[in-house]
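In: the following comprises the amino acid sequence and a computationally predicted model.
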Amino acid sequence: MAPHKFDPARAASLDAPERQSYLPDDRVVGLLQPADGEVVLDVGAGSGRLSLALAKAIPAGKVVAIEENREMARLLRERVASYANVSVVEADVAALPKESLRADRALAVSVLHELEVKPALAALAKVLKPRGRLVVVDWERGRPRAVGPPDGHHLYLAEEAAALLAESGFVVERVERALFPYHFAIVAAARTVGS
């Protein structure tokens, strides 16, 4: 089954105030622990809500918002236009420019179920600096909820996602299931060369 893709017609739902009740920006950014001056990727940036939260957290750093959907990338560019430390890359994650893009950290929120997972994670492992941190937060299959995608939309259990990260060149440091009512969170580090 192909991954489910987000419909740009629903872009406003990404900024709905109720999302803060079950997926608060500060808690998500706190998991990543970005340091000012770093380069941080926002994978599947969508409307840019988290890109802006990251930009505010690291004013001397750089946020690279990655969005493959052309319409969403257009909306994203408009939204972040006044932020000098945010740039938008319109690309499939698996096709990131590994030669020119190096990042300290990456954040992937509610997008794992929308990706060709193994190629995307392998690409992220290559663009992250050694020991660079990746935080994945996604809807967990089997959790009762009135919001979000149905379980049939390529959702994972936390353990399944952690195994995919390990297979793709990451060392899983933490798996959190209690931080969010509908999402799991995984904190992982890119392996150093030869590890």
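Out: In hand now; what should we look at? Note that the coordinates shown come from a computational prediction; the quantities given were computed from them, not determined experimentally.
In: what sits against Y83?
Out: L52, A55, V63 (Cβ atoms under 8 Å, 6 or more residues apart in numbering). Backbone N, C-alpha and C define where each C-beta goes, glycine included.
In: the strands in this protein, which residues?
Out: 39-43, 62-66, 86-89, 103-109, 128-139, 170-176, 183-190 (DSSP state E).
In: just put these in CSV and tack on mean pLDDT, mean neighbour count and distance to A161.
Out: Output for these, formatted as CSV (pLDDT from 0 to 100; neighbours: other Cβ atoms under 10 Å; distance: least, Cβ to Cβ, whole Å):
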stretch, mean pLDDT, mean neighbour count, distance to A161
strand 39-43, 97, 27, 14
strand 62-66, 97, 25, 19
strand 86-89, 96, 20, 24
strand 103-109, 97, 24, 10
strand 128-139, 95, 22, 6
strand 170-176, 97, 16, 8
strand 183-190, 97, 23, 6
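In: which one of those lies nearest to L121?
Out: Proximity to L121 (Cβ to Cβ) singles out strand 170-176 among the strands of the chain, at 7.3 Å.
In: for the closest one, which strands pair with it and how are they oriented?
Out: strand 183-190 (antiparallel) (DSSP bridges).
In: could you name the helices and strands sitting against the lowest-mean-pLDDT helix or strand in the chain?
Out: Of all helical and strand segments in the chain, the minimum by mean pLDDT, DSSP states H and E falls on helix 19-22, at a mean of 86. Here helix 19-22 touches no other helix or strand, going by 3 or more Cβ pairs under 8 Å, 6 or more residues apart in numbering; DSSP states H and E.
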